[in-house]
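[1] let me see the structure of the following:
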Amino acid sequence: MKTLRKILKRIILAGILILLIGFMIPQNLIIPVKGATSKDYHAETFWYYPWGKSITHKGVDIFAKAGTDVLSATSGIVIYDGELGRGGNVIIILGPKWRLHYFAHLKEIHTQKFSIVGQGEVIGEVGNSGNAVGKPAHLHYTLLTAIPYPWLADDDRQGWKKMFILNPIGYWKRDGEKSGM
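    Just a heads-up that it's a prediction; the model follows:
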């Protein structure tokens with residue numbers, strides 16, 4: 001029984017250590033479309049209401065020519081690649097601070113599940129898949145946190161979800177205005 005307790009204690013301590021290390025990894029995000037600047041998205045579309053079936057727009061749309069490279073905004077591990085309903089062709093990357101980076105409406109995917117990607121690495125192409133069919137090509141990018149930030153919730157429509165969905169614009173590293181490589 002004491003041996004089992006020691007093992008459980010070590011597992012719990014290892015889990016806490018892994019969790020803390022994830023938060024300590026620095027995160028300097030880039031705009032995830034090659035050559036994109038602040039002129040390629042409208043900052044007020046994050047949490048814009050009304051927005052179709054999703055009610056509120058929970059990300060930023062970055063417009064570019066179809067086929068333009070989509071870059072990983074951060075280093076991380078690809079945890080999903082494939083088709084996902086309204087998002088169409090989608091990639092989800094787990095990055096520093098236990099944050100999920102959601103890339104949607106891709107024309108093509110150039111990575112695969114469980115790949116380790118570096119910041120600025122080409123992971124796909126801008127497109128208009130999913131519910132963006134017939135609309136101008138763009139990347140829908142959402143930044144989610146697996147650990148909730150309750151102080152970000154408010155009385156806005158679906159405002160309770162703001163503790164899980166962060167506005168990526170404030171996190172993007174601006175290199176002049178150019179993003180990525």
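[2] distance from stretch 16-33 to the middle of the chain?
    Counting by C-alpha atoms, centre = their mean, to the nearest Å, stretch 16-33 is centred 12 Å from the centre of its parent chain.
[3] can you pull the buried residues of it?
    22, 27, 29-33 (16 or more other C-beta atoms under 10 Å). In short, each C-beta sits where N, CA and C put it, glycine included.
[4] also stretch 70-88?
    Across stretch 70-88, burial judged by 16+ other C-beta under 10 Å covers 70-76, 78, 81, 84, 87-88.
[5] of those, which is the nearest to residue 6?
    Distance ranking of the buried residues of stretch 70-88 against residue 6, using C-beta to C-beta, places residue 76 first at 33.2 Å.
[6] specify the beta-bridge partners of that closest one.
    Residues in a beta bridge with residue 76, per DSSP bridges, are residue 117.
[7] ok, it - contacts?
    Shown in contact with residue 76 (C-beta atoms under 8 Å, 6 or more residues apart in numbering): 93-96, 101, 116-117.
[8] how far away is it from residue 135?
    Distance, residue 76 to residue 135, using C-beta to C-beta, to the nearest Å: 28 Å.
[9] pretty sure residue 62 sits in a strand.
    Yes. When classified by DSSP: H, G, I helix; E, B strand; the rest coil, residue 62 is found to be part of a strand.
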